[in-house]
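Participant: Sequence and computational prediction follow.
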Amino acid sequence: MRKKILFAGIGLLLSASFCSLSAVAQGVLKPRPDAFPPVDEPAPKVLNMASSLEQMASWDRYPTYETYLAMMSRWAQEFPALCHVDTIGTSLEGRLILSMYIEPQTDDDLYRPEFFYSSTIHGDEVTGYVMMLRLIDTLLHGYGTNPQYTDLINRTRISINPLANPDGTYHRGNHTVQGSQRYNANGVDLNRNYPDPFGATKEPLQQENELMIAYVTAHHFKLSANLHGGSEVMNYPWDCFTSTTNPHPAAEWWQEVCHRFVDTSRTYSSTHFRDVTNSGVIAGGDWYVIHGGRQDYMNYYHNCLEVTMELSTSKTLSTDKLPEYWRFLQHSLVNYIAEIHSLPEGYNGISDLRSQTSDLSVYPNPASDRVTLDGLNAGDRVELLDLNGRVLIQAIKQSDNQAITLDVSGLPSGTYLLGTAGSKKIIIKL
Ligand SMILES: [Zn+2]
């Protein structure tokens, strides 16, 4: 007979109003726009649309869907030796999901790492949409004339997807972004719909994400960013853990990169990136834990360092403000691409997440009724947490000669964290 060592089911049904530990502790954080239903923005807005290429000339309008297609196609025709348009696929309503792939045609076989920008997975968060279009234009026209852009393009393969959720953006029709919505045509939040390594997603995988997964799988992106709006902050991984529960293996590098992004923008405007933290930088889970986001998907499944950029406090930015946002974001957006040439030293991808979790061995994993831990010392306190950091089971190892076994039969199946108190945790599946 196997003897149960210790079992204490603590707080399994803690208050239903419980939310992120760190958000509560800090008390001052602005709610994450990704974590709440869309809020109506009070200020009257101008949402001018460009229904021709000429009307986009001063970059103070949103393109109609047809103008967007015309812009992408014109660049491909104007710079055939420098770029081509990738068709990632079509949305549920049949709109094109495109990416501008910038790579000079050369005879050398120089290794060029692949970089990826993707914007507006939330259809109403359109600032990044125009920023990405303007970035494409700036890079292509700067090649051969601007030494920084020329060097960057010569050393990097850059893919820019300006509009990841066209059905959300053109929810009321191709001629306007007025009434754009966060969700795809099925009403699903695409940034909660990616395979999540550490938590369940609710809805079946949506077509737009399935296509995006095929696209990123066919490439080897090393660095990327997913662009949003509703706040102004650099949100680095993980989204599904707090930084104390399980820091990203490259957390220090992320902080440096995010601070560089914000600091550069502040040399052009000191008022931005202030609404969530003073630094303009936060670990995603410390703001609010979410599951099914693309950032964690890219980091975990593709070893691609992806960050979430929240670019404007207003989701659907008034068009007269677009040039101002470009002015203060332009250099940060270019410099972030160049960060691909200074990836964190010794970083071997996300396998580090498991190897850094000490000598502890846990079996079986996945487990059903019981889980046993080896590699501990007498007196060590073991705890099992859910993904919100709540301690569900605690036990103390009584002697060096005895393994420690936890009864987990009372817990619902899912993903949990296990380890000694105060240290990094191993991920277990029940
Ligand atoms: Zn968003």
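Facilitator: Here it is on my side, so go on. What you are looking at is a predicted structure, and each value in this text was computed from that prediction instead of being measured.

Participant: Please count neighbours and contacts with C-alpha atoms only from this point.
Facilitator: Fine.

Participant: Tell me which helix or strand Ala225 sits in.
Facilitator: Ala225 belongs to strand 221-228 when elements are defined using DSSP states H and E.

Participant: C-terminal to that strand, which secondary structure element comes first?
Facilitator: Trace forward from strand 221-228 with DSSP H and E and the next one is strand 231-236.

Participant: quick one: the following helix or strand past that next one to chain centroid distance?
Facilitator: Counting by DSSP H and E, the next helix or strand C-terminal to strand 231-236 is helix 251-266. Centroid separation between helix 251-266 and its chain, computed with C-alpha atoms, centre = their mean, to the nearest Å, is 15 Å.

Participant: Which is the succeeding secondary structure element to helix 251-266?
Facilitator: Proceeding N to C from helix 251-266, the next assigned helix or strand is strand 281-283, under DSSP H and E.

Participant: That following strand: partners in the sheet, and parallel or antiparallel?
Facilitator: strand 231-236 (parallel) (DSSP bridges).

Participant: on that earlier part again, tell me which strands the strand holding Ala225 pairs with, and in which orientation.
Facilitator: strand 114-119 (parallel), strand 305-312 (parallel).

Participant: looking at the chain, which helix or strand does the model trust least?
Facilitator: helix 21-26 (a mean of 39; mean pLDDT, DSSP states H and E).

Participant: ok, then the element right after that one?
Facilitator: strand 49-50.

Participant: What is that following strand packed up against?
Facilitator: If contacts are counted by 3 or more C-alpha pairs under 8 Å, 6 or more residues apart in numbering; DSSP states H and E, strand 49-50 sits against strand 62-63.

Participant: Name the surrounding residues that touch the strand it packs on.
Facilitator: Strand 62-63 is contacted from outside by Leu47, Asn48, Met49, Ala50, Ser51, Ser52, Met56, Val130, Val177, Thr319, using C-alpha atoms under 8 Å, 6 or more residues apart in numbering.

Participant: Tell me the one of these nearest Thr87?
Facilitator: Minimum distance to Thr87 across these is 18.8 Å, recorded for Val130 (C-alpha to C-alpha).

Participant: residues contacting the closest one?
Facilitator: Val130 neighbours (C-alpha under 8 Å, 6+ apart): Trp59, Tyr62, Pro162, Leu322.

Participant: Report the secondary structure state of it.
Facilitator: helix (DSSP: H, G, I helix; E, B strand; the rest coil).

Participant: Next: the one 5 residues further on.
Facilitator: Three-state secondary structure (criterion: three-state DSSP) places Leu135 in helix.

Participant: ok so, going back, as JSON lines, the contacts of strand 62-63 with pLDDT would be great.
Facilitator: Output for the contacts of strand 62-63, formatted as JSON lines (pLDDT from 0 to 100):
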{"residue": "Leu47", "pLDDT": "96"}
{"residue": "Asn48", "pLDDT": "97"}
{"residue": "Met49", "pLDDT": "98"}
{"residue": "Ala50", "pLDDT": "98"}
{"residue": "Ser51", "pLDDT": "98"}
{"residue": "Ser52", "pLDDT": "98"}
{"residue": "Met56", "pLDDT": "98"}
{"residue": "Val130", "pLDDT": "98"}
{"residue": "Val177", "pLDDT": "97"}
{"residue": "Thr319", "pLDDT": "97"}
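
Participant: Alright, calling it a day.
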